[in-house]
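**Q** Structural data only, the sequence is not supplied:
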């Protein structure tokens with residue numbers, strides 16, 4: 001399926017329940033990024049604009065990119081001061097090294113071209129820039145409970161889903177040229193889950209700087225599933 005076809009599917013999904021998290025979640029992300037006022041940040045796969053709002057409230061000049069026109073319409077109401085661009089995260093419309101800070105929050109795992117998505121982030125990131133990438137854990141606590149009850153494994157019910165462990169995602173980011181300097185576990189929901197080992201967190205937030213992409217073959221592919229008619233790209 002071409003990007004236009006996949007974008008159409010996301011338009012349909014956004015017209016329904018949509019995607020996104022609570023304002024508290026985006027505030028948690030932006031506090032950890034700690035970007036200075038009047039700096040510029042790009043949110044890849046901005047969806048309905050939750051992170052754009054949080055960035056703008058801290059005085060950051062936010063740019064949101066998504067290939068769903070419906071999502072961008074919603075983002076415009078949530079963060080009216082943000083610059084919104086309709087585009088493909090695996091083919092970013094920015095010059096090399098032009099973006100000082102970027103976010104990719106729960107989106108990279110849904111890219112048809114996982115390798116291209118990582119290398120594009122690395123390409124546009126400034127030499128002294130920072131990237132924050134949120135990715136889902138294959139073995140988060142809720143999945144373990146469902147498996148114990150004989151139910152399905154991880155599934156975020158999107159056209160493309162991928163899951164990996166903390167170290168597997170780290171290996172992919174660094175293979176693509178994003179050097180990880182910090183990994184922060186994100187435990188969604190009840191405080192009790194924070195008592196679990198970080199390896200069972202719901203997601204991991206990777207803080208990255210620009211490194212050198214590997215010329216070797218990519219790491220083993222993350223666990224992936226795709227809806228009928230969708231062909232996964234290089235991974």
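**A** Great, that's in hand. Just so we're clear, the structure is a prediction, and the values are computed from it rather than from any experiment.
**Q** among the helices and strands of the chain, which one scores worst on average pLDDT?
**A** For the chain, the helix or strand with the lowest mean confidence is helix 141-148, at a mean of 64 (criterion: mean pLDDT, DSSP states H and E).
**Q** which helices and strands does the helix or strand that comes right after that one pack with?
**A** Next along the chain after helix 141-148, taking DSSP states H and E as the criterion, comes strand 160-163. Applying 3 or more CB pairs under 8 Å, 6 or more residues apart in numbering; DSSP states H and E, one finds that strand 160-163 contacts strand 223-226. No exception for glycine: its C-beta is placed from N, CA and C like everyone else's.
**Q** same for the strand it packs on, what does it pack against?
**A** With contacts defined as 3+ CB pairs under 8 Å, 6+ apart, strand 223-226 has these neighbours: strand 160-163.
**Q** what mean pLDDT does stretch 181-188 have?
**A** Mean pLDDT, stretch 181-188: 92.
**Q** outside of that stretch, which residues touch it?
**A** Under the criterion CB atoms under 8 Å, 6 or more residues apart in numbering, residues 25, 28, 32, 134, 166, 170, 193-194, 196, 198, 201-209 lie in contact with stretch 181-188.
**Q** Now residue 227: closest residue in space, sequence neighbours ignored.
**A** Leaving out its chain neighbours, the residue that sits closest to residue 227 by CB to CB, 6 or more residues apart in numbering is residue 159, at 4.5 Å.
**Q** swap in residue 123?
**A** Counting by CB to CB, 6+ apart, the residue nearest residue 123 is residue 96, at 5.6 Å.
**Q** Count the neighbours of the one you found for me.
**A** 11 (other CB atoms under 10 Å).
**Q** State the distance from residue 176 to residue 164.
**A** 14 Å (CB to CB, to the nearest Å).
**Q** Residue 118 now?
**A** Residue 118 is 13 Å from residue 164, by CB to CB.
**Q** pLDDT below threshold where in this protein?
**A** 1-5, 17-19, 141-153, 155-156, 189-195, 228-235 (pLDDT under 70).
**Q** Which residue ranges of this protein form strands?
**A** 40-44, 61-66, 83-86, 99-105, 125-136, 160-163, 178-186, 203-210, 223-226 (DSSP state E).
**Q** Mind giving me the packing neighbours of the longest helix anywhere in the chain?
**A** Longest helix in the chain, counting residues (DSSP state H): helix 3-15. If you count contacts as 3+ CB pairs under 8 Å, 6+ apart, helix 3-15 packs onto helix 69-78.
**Q** quick one: buried residues of the helix it packs on?
**A** 70-72, 74-75, 78 (16 or more other CB atoms under 10 Å).
**Q** how far is it from where the chain is centred?
**A** 18 Å (CA atoms, centre = their mean, to the nearest Å).
**Q** which residues are contacting it?
**A** Contacts with helix 69-78, where a contact means CB under 8 Å, 6+ apart, come from 7, 10-11, 14-15, 18-19, 46-50, 52-53, 64, 66, 82, 84, 86.
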